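Colleague: Okay, here's the prediction I keep looking at, along with the sequence it came from:
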Amino acid sequence: MLTKKFWLQAGERAVKSAAQALIGLIPLDQFNVLHADVPLALGVACGALVLSVLTSIVTAGVGEKDDPSAVTR
């Protein structure tokens, strides 16, 4: 069973991934503060967030217990 610790860490990773996806739009000229395509930006960020959570769930049994990372320490 996935614990609270796991979900907190997976959530942190997901938020970071969403922020990185938004930042990644800047050099592609898809995000301009004055003419922002908000639905596109939110869609990309939400996609990255969902993929991050799914990746954490898939790798839950690979690394250390209660850790969404596949890396062991």
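Modeller: Looks like it came in fine.
Colleague: Could you list the low-confidence segments of the chain?
Modeller: 28-33 (pLDDT under 70).
Colleague: which residue is nearest the middle of it?
Modeller: By Cα atoms, centre = their mean, the chain has its centre lying nearest to Ala14, at 2.7 Å.
Colleague: Check which element follows the helix or strand encompassing that residue along the chain.
Modeller: Using DSSP states H and E, Ala14 sits in helix 4-25. On the C-terminal side of helix 4-25, the closest following helix or strand by DSSP H and E is helix 38-58.
Colleague: mind saving the C-alpha coords of that following helix as PDB?
Modeller: C-alpha atoms of helix 38-58 as PDB (Å, rounded to 0.1, in the frame of the first residue of the first chain):
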ATOM      1  CA  VAL A  38      -3.500  29.600 -21.100                       C
ATOM      2  CA  PRO A  39      -5.400  26.400 -22.100                       C
ATOM      3  CA  LEU A  40      -2.300  25.100 -23.900                       C
ATOM      4  CA  ALA A  41       0.000  26.000 -21.000                       C
ATOM      5  CA  LEU A  42      -2.300  24.300 -18.500                       C
ATOM      6  CA  GLY A  43      -2.700  21.300 -20.700                       C
ATOM      7  CA  VAL A  44       1.000  20.800 -21.000                       C
ATOM      8  CA  ALA A  45       1.500  21.300 -17.300                       C
ATOM      9  CA  CYS A  46      -1.300  18.900 -16.400                       C
ATOM     10  CA  GLY A  47       0.000  16.300 -18.800                       C
ATOM     11  CA  ALA A  48       3.500  16.500 -17.200                       C
ATOM     12  CA  LEU A  49       1.900  16.300 -13.700                       C
ATOM     13  CA  VAL A  50      -0.100  13.200 -14.600                       C
ATOM     14  CA  LEU A  51       2.900  11.500 -16.300                       C
ATOM     15  CA  SER A  52       5.000  12.200 -13.200                       C
ATOM     16  CA  VAL A  53       2.500  10.700 -10.800                       C
ATOM     17  CA  LEU A  54       2.100   7.600 -13.100                       C
ATOM     18  CA  THR A  55       5.800   7.200 -13.300                       C
ATOM     19  CA  SER A  56       6.000   7.400  -9.500                       C
ATOM     20  CA  ILE A  57       3.400   4.700  -9.100                       C
ATOM     21  CA  VAL A  58       5.000   2.400 -11.600                       C
END
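Colleague: Alright, calling it a day.
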